[in-house]
Each structure stands twice: as structure tokens, then as C-alpha cells.
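[1] Based on what follows, work out the 3D shape:
(one chain, ligands or ions: 1)
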Amino acid sequence: MKKIVILTGAGISAESGLGTFRAEGGLWAQHRIEDVATPEGFARDPKLVVDFYNARRAQAAEATANAGHRALADLESKFYGEVVVITQNVDDLHERAGSRKVMHMHGSLTSALCAACDHRWEAPLVMAPGDACPSCGAPAARPDIVWFGEMPYEMDEIFEHLATADIFASIGTSGNVYPAAGFVAEARRAGARTIEFNLERSDVGSQFDEIVLGSASETLPKWVDQLLADQT
Ligand code: BV8
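    Residues are numbered from 1 along each chain as shown. Okay, here's the model as predicted:
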């Protein structure tokens with residue numbers, strides 16, 4: 001039974017109108033990473049950080065999944081083997097396109113976390129610093145996002161998937177944030193065939209067996225059609 005493990009980054013949501021990080025005018029151009037995506041930044045100015053994620057949560061809620069997201073959902077529902085999506089993205093466009101096995105290694109805009117008791121609940125559209133935790137009552141709510149210096153989620157399960165992948169595809173990521181950028185090396189060690197889908201070669205592009213250049217909304221439907229045709 002074949003297993004396809006897919007890593008996605010901001011590039012797959014770019015055509016849904018959600019900003020990427022490193023494009024000019026991208027999210028990090030408007031804010032310094034240290035100020036909005038680190039625990040130190042949150043401690044220094046919780047309102048700046050909470051408002052940064054409020055803006056992205058509202059933008060994601062307005063966005064619609066694109067043909068790239070839909071192609072991956074199609075693959076999961078029609079492929080005879082197993083398909084796992086590991087996303088670095090905090091939007092829920094994979095789920096809204098119909099993907100079911102989605103692992104949010106860097107958290108989710110739709111989730112809130114209590115910094116005091118680790119309770120998680122569905123985030124309101126607008127969060128404020130000091131919101132009370134519905135479980136323990138502490139004024140310790142925070143966006144359920146993995147910031148720089150924090151441990152990504154579900155890493156044990158992710159490494160199990162990488163160790164048993166037949167195909168590893170990396171889509172729309174610049175390959176410069178770890179541990180995600182190291183996944184291709186893990187997949188290669190497991191003997192997987194590795195493919196990168198991007199507008200341009202990423203920082204780890206040289207580690208892939210194949211690079212497919214183009215917009216994900218065009219390249220992914222073609223790839224999925226081919227995979228499904230080959231399995232009949
Ligand atoms: C950890 C959530 C340890 C927040 C994010 C020095 C060397 C190596 C590593 C480090 C180092 N110093 C520090 C580190 C570790 C650090 C790191 O890697 N830093 C980098 C900057 C060097 N990593 C961490 O801190 C991680 N944690 O290491 O923990 C630890 C150990 C023990 C105990 C505790 C801790 C946690 C990192 C997670 C940070 N959170 N996201 C938020 O969303 O606001 S990172 C964020 O940026 C994304 O999630 C993603 O991971 C990352 C990169 O973004 P991309 O998705 O790649 O987007 P980008 O804009 O960069 O690229 C878009 C790509 O798409 C481009 O290539 C473009 O060409 C392409 N594209 C565009 N349009 C399309 C397209 N492709 C196809 N079609 C299109 N239409």
C-alpha cells in the first residue's frame with residue numbers, strides 16, 4: 001500500500017489571497033519576526049501579537065480554498081493508499097477543501113491555547129490579551145500558534161510518517177525554517193521519492209529528486225490526475 005506524505009507552506013495559500021512570509025510586501029515585511037512570532041514578542045507587546053493574528057484569522061476566514069488545496073483533498077479521497085498532509089500553515093484551507101488527515105505542525109488560527117493550563121478551544125474571531133481560559137479561568141489565553149523557539153506540534157507522529165513514506169512532496173515552502181525544512185532529508189533516508197512544487201527552487205531544492213515549477217493551483221491538479229491514473 002503506497003503512502004504519500006505532503007508538506008505544505010504559505011505558497012499553497014498564496015492564490016487564495018493569503019500573504020506569504022518572504023515575498024516582498026509579505027507578512028514579515030510588515031512586521032519583524034521577533035515582534036510578532038516569538039514568545040518574547042508576545043510577552044513584550046501582547047496586543048500587537050494578538051492583533052497580528054486577529055488580522056490573519058479574519059483574512060483566512062474570508063479566503064476560499066484554491067485548486068491546489070482541492071487537488072490534495074481529491075488525492076486523499078481517491079488514492080488507494082494513505083495520504084497525509086503536514087502543513088506549516090495556520091489557515092484551515094486544507095480542511096475547507098475537504099482534506100481530513102491534516103497535521104498543523106505550527107498551530108492553527110482557529111484554535112486558542114491557555115498558557116496556564118494547556119487547555120485548547122475554538123478561538124473567537126477576535127482575541128484580546130488576558131482573555132480568560134474557559135477551563136481554568138486564568139487570564140492566559142493566547143493564539144494556538146507555534147512561535148520561533150517553540151516546539152512544533154505532533155513531531156513524533158510526523159517523523160513516523162516520514163520514515164514510512166513512498167512519496168514525499170513539498171509544496172509552496174521556501175525551505176528555510178526548521179525542523180520542517182529538514183523533512184526532505186528524513187524522507188530520502190527512508191527511500192522515498194521526493195518532489196518539490198514551487199515557483200522557484202527553494203533553499204533545500206537540491207535535495208529533491210524532482211522539482212515542478214509553477215503555481216500550485218496548476219501543477220497540483222496535473223500531478224494528482226497522473227497519480228490517480230497510474231494507480232488504475
Ligand atoms: C524549533 C507560525 C526548537 C507562525 C511559523 C539557525 C539555524 C537553523 C534553525 C534555527 C536557527 N535559529 C533558530 C532556529 C530554529 C527556528 C528556525 O528555523 N529559524 C529560521 C528562521 C532559521 N525554528 C524554530 O524556532 C522552530 N522551533 O526549532 O524549536 C525547540 C527544541 C526544543 C524545545 C523547544 C524548541 C519553530 C518554527 C515555527 C515558527 N512559526 N509559523 C505564523 O504563521 O505566524 S514559521 C512560518 O515561516 C511558516 O509556518 C513556515 O514554517 C515558515 C516559512 O514560511 P513558508 O511557508 O515557507 O512561506 P515563505 O513565504 O517563506 O515561502 C513561500 C514559498 O511559496 C516560496 O518558496 C514561494 O516561491 C512559494 N510560492 C509562492 N506562491 C506560490 C508558491 N509556490 C507554488 N505556488 C504558488 N502560487
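
[2] Which parts of this structure are helices?
    For the chain, the helices defined by DSSP state H occupy 11-14, 27-30, 33-36, 39-44, 46-62, 67-78, 93-97, 155-163, 183-189, 216-231.

[3] wait, which of these is closest to the ligand?
    helix 11-14 (2.3 Å; Cβ to the nearest ligand atom). For glycine as for every other residue, the C-beta is placed from the backbone atoms N, C-alpha and C.

[4] residues from this structure in reach of the ligand?
    With Cβ under 6 Å from any ligand atom as the criterion, the chain comes near the ligand at residues 9-11, 14-15, 20-23, 26, 37, 88, 90, 106, 145-152, 172-174, 176-178, 180, 197-200, 202, 215-216.

[5] which other residues reach stretch 140-147?
    37-39, 41-42, 46, 49-50, 53, 90, 105-109, 111-117, 120, 123, 127, 130-133, 152-153 (Cβ atoms under 8 Å, 6 or more residues apart in numbering).

[6] Out of the helices of the chain, indicate the one that is most buried.
    helix 11-14 (a mean of 26; mean count of other Cβ atoms under 10 Å).

[7] In CSV, could you pull the C-alpha coordinates for that one?
    Output of helix 11-14 as CSV, limited to C-alpha atoms (Å, rounded to 0.1, in the frame of the first residue of the first chain):
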residue,chain,number,x,y,z
GLY,A,11,2.8,29.2,-1.2
ILE,A,12,-0.2,26.8,-1.5
SER,A,13,-2.5,29.5,0.1
ALA,A,14,-1.0,32.4,-1.8
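
[8] can you list contacts of that helix?
    20, 23, 63, 66, 68-69, 89, 91, 93, 171-174, 198-199, 216, 220.

[9] Quick one: distance of it to the chain centre.
    10 Å (Cα atoms, centre = their mean, to the nearest Å).

[10] pLDDT of it, averaged?
    What helix 11-14 shows for mean pLDDT is 97.

[11] Give me the distance between the nearest residue to residue 216 once chain neighbours are set aside and residue 35.
    Nearest residue to residue 216, sequence neighbours excluded (Cβ to Cβ, 6 or more residues apart in numbering): residue 68, at 3.6 Å. Going from residue 68 to residue 35 by Cβ to Cβ, to the nearest Å gives 30 Å.

[12] longest strand in this protein, by residue count?
    Taking DSSP state E as the criterion, the chain has its longest strand at strand 107-114.

[13] So the residue nearest to residue 216 sits against residue 217, correct?
    Yes: counting by Cβ atoms under 8 Å, residue 68 does reach residue 217; the two are 4.6 Å apart.
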